[in-house]
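Engineer: Next one to model:
(one chain, ligands or ions: 1)
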Amino acid sequence: MQDSIQTDILVIGSGLGGLAAAWVAAKRGCEVTLLTRASNPEDSNTYRAQGGIIYRNLGESPDQLIADILAAGAGLSSPESAALLSREGPRLVKEILIDELRVPFDSSPKNPAELDLTSEAGHSLPRIIHYKDQTGLAIERAFFERVRSHPKVKVVSSATAVDLLTPSHHSVEPTDVYRPLTCVGAYVLDQKTGKIFPILAKETILATGGLGSVFLHTTNPPGARGDGIAMAYRAGARCTNMQYVQFHPTALLAPDGCFLISETVRGEGGRLVDRHGKEFMQRFHPAGSLATRDVVARAIYQTMLESGESCVYLDITHKPAEQLRERFPGIYAVCFERGIDLTREPIPVVPAAHYSCGGIATDDCGRTTVDRLRAVGEVACTGLHGANRLASTSLLECLVWGTRAGAQASERITRGDSFYFPEIAGWRYERELADPALISQDWLTIQHTMWNYVGLIRSEKRLNRAMRVLRELDLEIARFYEKCEISDSIIGLRNGILTALLILGAAEQSRESRGCHYRID
Ligand SMILES: Cc1cc2nc3c(=O)[nH]c(=O)nc-3n(C[C@H](O)[C@H](O)[C@H](O)COP(=O)(O)OP(=O)(O)OC[C@H]3O[C@@H](n4cnc5c(N)ncnc54)[C@H](O)[C@@H]3O)c2cc1C
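Structural biologist: Below is the predicted model:
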């Protein structure tokens with residue numbers, strides 16, 4: 001790997017948000033460096049997306065989607081963002097995903113010439129297209145290959161962005177050429193050699209995804225630790241709505257992590273039961289196991305807390321085995337690989353952190369409060385989701401804002417906007433090897449504290465306790481980070497604690513229950 005790279009546009013993250021931005025910018029003639037800490041596309045939320053992406057129902061007007069988004073957002077969604085998504089989203093799905101990439105979305109069983117449209121909770125009519133129960137995988141694979149083979153794109157993988165470069169902090173000579181808050185790229189760790197080098201860019205687009213890993217249970221991959229939010233915050237960008245973390249009610253509890261068990265299992269008759277096989281949902285809501293996502297997630301959490309058990313169970317064994325295998329092939333396979341035959345025994349499930357509705361505050365082209373820094377996808381807060389996200393809007397948000405950010409950044413560059421690359425200070429290497437036991441214990445402290453005190457049910461007492469624990473830990477981690485050789489896991493830990501504190505701080509200040517932020521006091 002080189003000592004330093006200069007590029008027009010640095011895109012950090014190769015999920016749908018980053019790919020859309022990189023693709024559009026490259027097609028407009030800009031040199032794009034696509035950086036990803038993953039060695040394969042699986043380390044992304046995009047890859048895990050199951051249900052689908054919003055397209056359009058021919059019988060609907062754009063206003064109907066806007067109304068559904070605003071209703072889900074509990075009064076906090078931005079009507080402008082909802083209008084933008086609903087105006088541009090379907091067109092981009094058609095142009096990029098269907099026509100250009102030829103993502104193999106499923107056809108309608110009734111009319112093979114048309115795409116199959118499904119619905120999910122909160123949608124007033126069917127408008128979601130999908131590829132089996134693996135929509136994200138199909139999009140990610142098709143898109144990553146196309147972007148990687150574009151001559152204007154250089155992919156740098158197994159490399160982790162450490163911090164964003166701002167001339168006031170990192171240039172060798174103090175300079176007043178830049179606006180006070182300007183981003184000129186990032187310091188990057190080559191995971192194979194351990195070397196840290198700068199990638200200098202005229203425009204930087206953060207697309208690092210979510211933050212589920214700061215909680216004990218999450219449907220996200222381990223790399224979803226809030227890296228982008230933490231880097232942007234340190235660089236001076238405004239982050240907002242961080243308290244709104246959406247929890248999915250049912251994720252398979254397995255030793256190698258949690259896997260989302262779609263709500264359709266409950267829709268098809270699955271019942272939530274405790275260890276003794278007793279249904280408990282009626283105690284919380286007349287709709288029982290079919291109550292809304294938030295209600296079910298909190299009820300499961302409360303039941304686990306009261307019983308001291310580590311999970312509850314989702315029982316669908318009363319249905320014919322053959323029918324279950326046919327209806328849920330993906331879920332059946334995931335459970336079976338982990339020793340659970342869902343046709344014969346109940347599935348152990350927990351609620352799990354699923355989606356961050358907040359993030360780095362951006363405008364309609366992904367611009368942040370730092371010049372030359374944009375954010376797209378789950379790391380950003382466009383205002384679309386307000387206090388709660390409507391199912392299947394996030395992939396579309398990645399596509400719309402990724403495309404707009406890539407287009408506007410490249411426009412600024414091709415316009416010949418004056419820019420020069422500052423000389424960046426070399427990295428100061430430390431010698432001490434990090435003790436993995438410290439890293440692993442610190443992560444456990446963050447995840448347990450966030451789960452128990454800043455999770456599904458919050459109160460002043462819980463939040464105060466969490467603040468004391470995490471502030472103390474933050475100081476420890478800062479000292480640790482100063483002394484140790486930098487690795488991907490130390491970078492993640494430093495970002496994880498900051499992200500956790502940002503969620504916690506926002507939850508403390510937000511005294512009303514709204515959307516997915518629920519306070520018992
Ligand atoms: C189980 C599951 C199911 C879902 N189902 C749906 C669905 O059906 N429909 C829907 O619309 N949404 C769904 N979502 C949400 C949706 O998948 C995500 O919000 C969306 O894919 C986020 O895309 P992204 O590009 O912002 O981030 P991601 O896809 O998460 O990509 C982030 C990228 O950033 C990289 N990265 C992170 N940190 C660094 C760093 N420091 N340096 C370099 N690279 C870094 C990662 O390696 C990765 O490549 C689901 C999410 C999950 C977890």
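
Engineer: Neighbours of the residue in the stretch 51-200 of the chain that the ligand sits nearest to, how many?
Structural biologist: Distances between the stretch 51-200 of the chain and the ligand by C-beta to the nearest ligand atom are smallest at residue 51, namely 3.2 Å. For glycine as for every other residue, the C-beta is placed from the backbone atoms N, C-alpha and C. In terms of burial, residue 51 registers 19 neighbours under the definition other C-beta atoms under 10 Å.

Engineer: That one looks like it's in a helix, true?
Structural biologist: No: looking at residue 51 with DSSP: H, G, I helix; E, B strand; the rest coil, it is coil, so not inside a helix.

Engineer: residues touching it, list them.
Structural biologist: Residues in contact with residue 51 (C-beta atoms under 8 Å, 6 or more residues apart in numbering) are 118, 120, 128, 130, 133, 135, 262, 391, 392.

Engineer: Looking at those, which are in strands?
Structural biologist: Counting by DSSP state E, the contacts of residue 51 place residue 128 in strands.

Engineer: now, the most widely separated pair of the contacts of residue 51?
Structural biologist: Across the contacts of residue 51, the two members that end up farthest from each other (C-beta to C-beta) are 133 and 391, 13.5 Å apart.

Engineer: Tabulate the contacts of residue 51 (CSV), appending neighbour count, pLDDT and distance to residue 458.
Structural biologist: Converted to CSV, these look like this (neighbours: other C-beta atoms under 10 Å; pLDDT from 0 to 100; distance: C-beta to C-beta, whole Å):
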residue, neighbour count, pLDDT, distance to residue 458
118, 15, 90, 33
120, 18, 83, 26
128, 24, 93, 31
130, 22, 93, 34
133, 18, 81, 32
135, 24, 92, 32
262, 18, 86, 27
391, 20, 89, 23
392, 25, 92, 27
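
Engineer: first to last residue in stretch 163-177, what's the distance?
Structural biologist: The first and final residues of stretch 163-177 sit 21 Å from each other (C-alpha to C-alpha, to the nearest Å).

Engineer: which residues are contacting it?
Structural biologist: Contacts of stretch 163-177 from elsewhere in the structure, counted by C-beta under 8 Å, 6+ apart, are 178, 180-187, 198, 200, 204, 206, 231-232, 234-236, 370, 373, 420, 422-425.

Engineer: Generate a ChimeraX selection restricted to the buried entries among the residues you listed.
Structural biologist: For selection in ChimeraX, the members of the contacts of stretch 163-177 meeting the burial criterion (16 or more other C-beta atoms under 10 Å) are listed in this command:
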select :178,181,182,183,184,185,186,187,198,200,204,206,231,232,235,236,370,373,422,424
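
Engineer: Quick check: residue 128 touching residue 395?
Structural biologist: No: in terms of C-beta atoms under 8 Å, residue 128 does not count as a neighbour of residue 395; the distance is 9.8 Å.

Engineer: who touches both of the two?
Structural biologist: If you check residue 128 and residue 395 against C-beta under 8 Å, 6+ apart, the residues they both contact are 52, 53, 54.

Engineer: quick one: least confident of those?
Structural biologist: Note: of the shared contacts of residue 128 and residue 395, the lowest pLDDT belongs to residue 52, at 92.

Engineer: ok, and for stretch 462-479, which residues are buried?
Structural biologist: For stretch 462-479, the neighbour count (16+ other C-beta under 10 Å) marks 462, 463, 466, 467, 469, 470, 473, 474, 477 as buried.

Engineer: got the contact list for the nearest residue to residue 49 once chain neighbours are set aside?
Structural biologist: Sequence neighbours aside, residue 136 is the residue nearest to residue 49 in space, at 2.9 Å (criterion: C-beta to C-beta, 6 or more residues apart in numbering). Shown in contact with residue 136 (C-beta under 8 Å, 6+ apart): 16, 45, 46, 47, 48, 49, 50, 395.

Engineer: roughly how far apart are the third one and residue 372?
Structural biologist: This points to residue 46. Between residue 46 and residue 372 the distance is 25 Å, computed by C-beta to C-beta, to the nearest Å.

Engineer: Neighbour count for these two, which is higher?
Structural biologist: A count of neighbours by other C-beta under 10 Å puts residue 46 above the other of residue 46 and residue 372, at 29 against 26.

Engineer: For residue 232, see how far away that one is.
Structural biologist: 20 Å.

Engineer: okay, which residue of this protein is out on the far edge from center?
Structural biologist: Here the chain reaches farthest from its C-alpha mean at residue 173, the gap being 36.8 Å by C-alpha atoms, centre = their mean.

Engineer: secondary structure element for that one?
Structural biologist: If you go by DSSP states H and E, residue 173 is not part of any helix or strand.

Engineer: Adding secondary structure as columns, could you present the contacts of residue 136 in TSV?
Structural biologist: Converted to TSV, the contacts of residue 136 look like this (three-state DSSP):
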residue	secondary structure
16	helix
45	helix
46	helix
47	helix
48	helix
49	coil
50	coil
395	helix
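
Engineer: Tell me which residues touch the residue in the stretch 101-250 of the chain that the ligand sits nearest to, please.
Structural biologist: When scored by C-beta to the nearest ligand atom, the stretch 101-250 of the chain has residue 209 as its residue closest to the ligand, at 2.4 Å. By C-beta under 8 Å, 6+ apart, the contact list for residue 209 reads 13, 15, 17, 44-46, 220, 223-224, 228, 377-379.
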